[in-house]
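Student: sequence first, predicted model second:
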Amino acid sequence: MKKLIILFFTASLLWNCAATAPVQTAPLSPRDAFLADSLNIPQEKLAELKARPLYTFAPAEIDLYLRWLFHAEPDLRKRVEHLGRKNLGQPYQIYLLGEFPFEYYDDEPLVSLSKSDCVVFSEHTYAMALAHDWKSFVTWLQRIRYKDGEIGLQTRNHYTEYDWDRNNSWLVTDITANLAGENVRYDTSAYDKNRFFSRWGLMTNHAPDTLIWDYIPYEYVPQILDSLQTGDFVNIVRGYPNGVWVGHVGLIIRTPGGKVNFLHSTTPNVIEQDILSYPFPNPKEFNAEREAWNQSIIEKNKSIAAHNEKLKTGGLRKLWSKPKRPLAPKPIFYGFRFLRLNEDPIQDLREIYGEEALQLRIPIPLHPSQMFLKMGNTPGIVPDSLESDSLQTDIE
């Protein structure tokens with residue numbers, strides 16, 4: 001009984017200490033205090049938010065913080081830097097993109113604040129930098145993530161070089177060839193979106209297409225570092241001798257001392273590193289390790305193929321042995337693509353797509369009675385009865 005009382009007292013003491021722990025705050029400048037009062041944001045709340053990582057914010061706190069930041073920092077690039085760095089340490093989780101509750105094919109949520117993958121991190125940072133509150137953040141995110149700003153699995157910018165970079169030409173401009181000059185490399189990629197969407201059981205009718213695109217081999221990047229600017233969009237090019245693709249993305253940050261860093265979401269969390277150190281420990285060692293692995297699995301895969309062939313005619317052998325899956329080669333790191341953050345994306349959006357581009361159609365979420373569809377049902381074409389109406393919201 002005595003031990004029980006001691007345990008209860010200790011637990012109560014720890015609970016009270018935790019409950020009364022002081023909230024960490026950051027000092028407010030006179031201008032911050034003035035803006036907080038002008039925007040009807042409690043000063044103590046703003047001081048608290050300035051001290052906390054962005055990935056701990058609730059949507060209502062994002063709303064307050066973006067209202068303050070939009071007025072506190074007029075420079076778009078500096079807002080990108082501020083928001084990106086404020087998410088340093090955000091936990092990484094791959095495949096966070098989804099359309100739920102607007103569609104049920106990919107039931108990941110449309111917005112993820114506590115975790116990110118490389119695309120989510122970059123898109124959220126850009127969208128928040130353009131926004132002045134929560135509603136405008138979600139609206140900008142919709143415009144960045146989807147072709148013509150229309151939420152849907154089929155309109156999402158799945159392929160970076162084919163979809164994202166081209167559909168967001170109002171936001172970023174490809175400067176790769178201009179930077180690389182005679183050192184630029186070109187690749188031709190083929191895209192079969194019907195096969196891609198079949199993963200979700202969708203029957204689509206997209207015409208196969210190809211794209212000729214460029215990149216800078218990593219060994220030439222030191223020559224163009226002085227031309228990179230904070231907020232530029234980075235595409236990491238990976239692949240094999242018979243074809244490459246963009247397999248990772250992030251943002252450029254220039255330090256006051258002139259160092260060029262790569263800010264990105266990677267396992268286990270968001271980090272900022274010298275761009276010339278990507279990938280760790282350095283490109284040559286990274287590729288050497290991968291090439292050694294790829295060479296080592298050639299003989300192993302021959303043995304696996306022989307094993308699987310024996311099973312086809314092995315009679316009773318099938319009872320205690322199963323086919324083995326071949327070992328996959330690891331992609332090699334080839335280089336970078338760089339896209340310049342435009343000076344006035346809103347004006348560029350207006351000029352490219354017209355005034356109507358500033359009004360986005362946001363579908364109404366699925367009715368609660370229809371949300372069971374996200375729970376393990378075989379995906380298929382959305383029946384007419386599930387298609388939702390939409391409403392319009394101004395992007396500015």
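Tutor: That came through, no problem. Numbering: from 1, shown residues only.
Student: L349 and E355, how far apart?
Tutor: Taking CB to CB, to the nearest Å as the measure, L349 falls 10 Å from E355. C-betas here are computed from N, CA, C, even on glycine.
Student: between the two, which has more neighbouring residues?
Tutor: More neighbours surround L349 than the other of L349 and E355, with 24 against 9 (other CB atoms under 10 Å).
Student: which ones are touching W140?
Tutor: By CB atoms under 8 Å, 6 or more residues apart in numbering, the contact set of W140 is 126-128, 130-131, 395.
Student: ugh, wrong one, I meant F338
Tutor: Per CB under 8 Å, 6+ apart, neighbours of F338: 174-176, 179, 216, 224, 228, 232-235, 252.
Student: now A72
Tutor: Contacts of A72 (CB under 8 Å, 6+ apart): 31-32, 35.
Student: buried only: go through these for me.
Tutor: Buried members of the contacts of A72, scored by 16 or more other CB atoms under 10 Å, are 32, 35.
Student: just give me the neighbour total for the closest residue in space to N87 that isn't next to it in sequence.
Tutor: Of all residues not flanking N87 in the chain, L54 sits nearest, at 4.7 Å (CB to CB, 6 or more residues apart in numbering). L54 has 24 neighbouring residues, counting by other CB under 10 Å.
Student: could you give the backbone dihedrals for L54?
Tutor: Per-residue torsions, L54: phi -60, psi -30 (degrees, to the nearest 10).
Student: from what I can see it touches G89, true?
Tutor: No - counting by CB atoms under 8 Å, G89 is not a contact partner of L54; they are 9.8 Å apart.
Student: nearest to V246 among the contacts of W140?
Tutor: The nearest member of those to V246, counting by CB to CB, is Y126 at 16.6 Å.
Student: any idea how far L339 is from that closest one?
Tutor: 11 Å.
Student: so where is the stretch 1-150 of the chain shaky, pLDDT-wise?
Tutor: Where the stretch 1-150 of the chain drops to pLDDT under 70, the residues are 1-21.
Student: helices along that one, start to end?
Tutor: For the stretch 1-150 of the chain, the helices defined by DSSP state H, counting those that start in this stretch occupy 2-19, 30-38, 43-51, 59-72, 76-86, 118-130, 134-145.
Student: deepest-packed of those helices, please.
Tutor: Most buried of the helices of the stretch 1-150 of the chain, by mean neighbour count (mean count of other CB atoms under 10 Å): helix 118-130, with a mean of 25.
Student: show me what that one packs onto, helices and strands only.
Tutor: Contact here means 3 or more CB pairs under 8 Å, 6 or more residues apart in numbering; DSSP states H and E; on that basis helix 118-130 packs against helix 76-86, helix 134-145, strand 243-254, strand 260-266.
Student: looking at these, which is nearest to Q43?
Tutor: Closest to Q43 of these, according to CB to CB: helix 76-86, at 19.0 Å.
Student: show me what the closest one is in contact with.
Tutor: Contacts of helix 76-86 (CB under 8 Å, 6+ apart): 53-54, 69-70, 73, 121, 125-126, 128-130, 229-231, 251, 253, 263, 270, 272, 341, 343, 345.
Student: so that helix versus strand 243-254, what angle?
Tutor: Angle of helix 76-86 versus strand 243-254, following axes from the mean of the first three to the mean of the last three CA atoms, to 10 degrees, is 100 degrees.
Student: quick one, longest helix in the protein?
Tutor: Secondary structure of the chain per DSSP state H: the longest helix is helix 283-312.
Student: can I get the helix or strand following that helix as CSV, trimmed to CA atoms?
Tutor: Later in the chain than helix 283-312, the nearest helix or strand by DSSP states H and E is strand 332-341. Provided in CSV are the C-alpha atoms of strand 332-341 (Å, rounded to 0.1, in the frame of the first residue of the first chain):
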residue,chain,number,x,y,z
ILE,A,332,22.2,6.1,-59.8
PHE,A,333,22.3,9.8,-59.1
TYR,A,334,22.8,11.7,-62.3
GLY,A,335,22.3,15.4,-61.5
PHE,A,336,19.9,18.3,-61.1
ARG,A,337,17.3,20.4,-62.8
PHE,A,338,16.8,24.0,-61.5
LEU,A,339,13.6,26.1,-61.9
ARG,A,340,13.6,29.7,-60.9
LEU,A,341,10.9,31.0,-58.6
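Student: cool, thanks, signing off.
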